[in-house]
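A.B. asks: Quick check, what structure comes out for this input:
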Amino acid sequence: MKKKIYIAGCGGMLGEAFYTQFKDEYDIKCTDIDVNDSWLSFLDFRDIDTYRKDVIAFAPDYLFHLGAYTDLEFCEQNADETYRTNTMSVENAVYIANELDIPLLYICTAGIFDGKKELYDDWDIPNPLGVYARSKYMGERYVSENAKRFLICRAGWMMGAGPKKDKKFIQKLMKQLKDGKKELFIVNDKDGTPTYTHDFAKNVKFLIQKEYWGLYNMVCGGQTSRLEVTEELLNILGLRDQIKLNVVTSEYFKDIYFAERPPCERLDNRKLNIREANQMQDWRIALKEYIDSYYIDYLKI
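C.D. replies: As a prediction, this is how the structure comes out:
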């Protein structure tokens, strides 16, 4: 008898990886407000009554709460909507999971730190800078303080799902290359750790199966920067000599990306390593796997 997982907010880049990694071993129900795949059904998890009824009807063994607004500029301009979606809906998930006495998975972010340190482990104290970071950190706090059993996993710079669902850094670069850009403007003052969605989902599965509950940093191996990631991407694509890289500071993009971002979002999977539960690949290996899996024909004319 397969165990059952209800995955709420499963329509994005992370949800695609969770669906792929869990569908064969578990009986899963995937819902989202944006029904953009055949395996999704509609649910707005901000509506607690509907959320509760749908989860109870499925009677899962686990509740995974994935969805959130992640566009920092949108969050700054729509604070109430952000807290409703990123924080209060997490409270909804805690109520439901506790009522059913099942474990809850919540996804947090490296962005909850202020970036004053060069590396953050699982026990560093967050200091969120903007609305997005506050909304995610308050969700994390609520889960850790109120859920009976929980798994909180903090991701870094997310990459996954390809051009259809990736709205983050790698897809933004790939889109510029597809559009024929011969030069890229890349910041040199932002450090972090890429996180491949499939590695992340696999590591979550490992922790769930081991019942290693609690809070974990979960990022790919190796610390890096936006500039270094760009250079590696061009190497993988064989375009390093064809594209000019213009190194700029974040000030260059301040009109587009006006929300405050920490200068450093580097996470250390310290707790995973101590538990001997770290399944995350080096970011360079993960990046190549991602490009090879999702972008094989993307740049072809």
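A.B. asks: Let me see the contact set for residue 248.
C.D. replies: By C-beta atoms under 8 Å, 6 or more residues apart in numbering, the contact list for residue 248 reads 185-188. The way it works is simple: take the backbone N, C-alpha and C, and place the C-beta from them, glycine included.
A.B. asks: Bridged to it, which residues?
C.D. replies: residue 187 (DSSP bridges).
A.B. asks: quick one: low-confidence ranges for this protein?
C.D. replies: Counting by pLDDT under 70, the chain has low-confidence residues at 301.
A.B. asks: And the longest helix seen in it, what does it pack against?
C.D. replies: Secondary structure of the chain per DSSP state H: the longest helix is helix 131-146. Judged by 3 or more C-beta pairs under 8 Å, 6 or more residues apart in numbering; DSSP states H and E, helix 131-146 is in contact with helix 72-77, helix 79-83, helix 89-100, strand 104-109, strand 150-155.
A.B. asks: To residue 268, which of the ones you listed lies closest?
C.D. replies: For residue 268, the closest of the helices and strands packed on helix 131-146 is strand 150-155, at 10.6 Å, according to C-beta to C-beta.
A.B. asks: what's the next secondary structure element after the closest one?
C.D. replies: strand 157-159 (DSSP states H and E).
A.B. asks: Name the surrounding residues that touch that next one.
C.D. replies: By C-beta under 8 Å, 6+ apart, the residues outside strand 157-159 that reach it are 13-14, 110, 166, 168-170, 192-197, 200, 229, 265, 286-287, 290.
A.B. asks: Work out the gap between the helix or strand that it is followed by and the centre of the chain.
C.D. replies: Next in sequence after strand 157-159, counting helices and strands by DSSP H and E, comes helix 169-178. Offset of helix 169-178 from its chain centre (C-alpha atoms, centre = their mean, to the nearest Å): 18 Å.
A.B. asks: got the contact list for helix 169-178?
C.D. replies: Residues outside helix 169-178 that contact it (C-beta under 8 Å, 6+ apart) are 157, 159, 162-163, 184, 226, 229-230, 233, 237, 239, 243, 287, 290-291, 295, 298-299.
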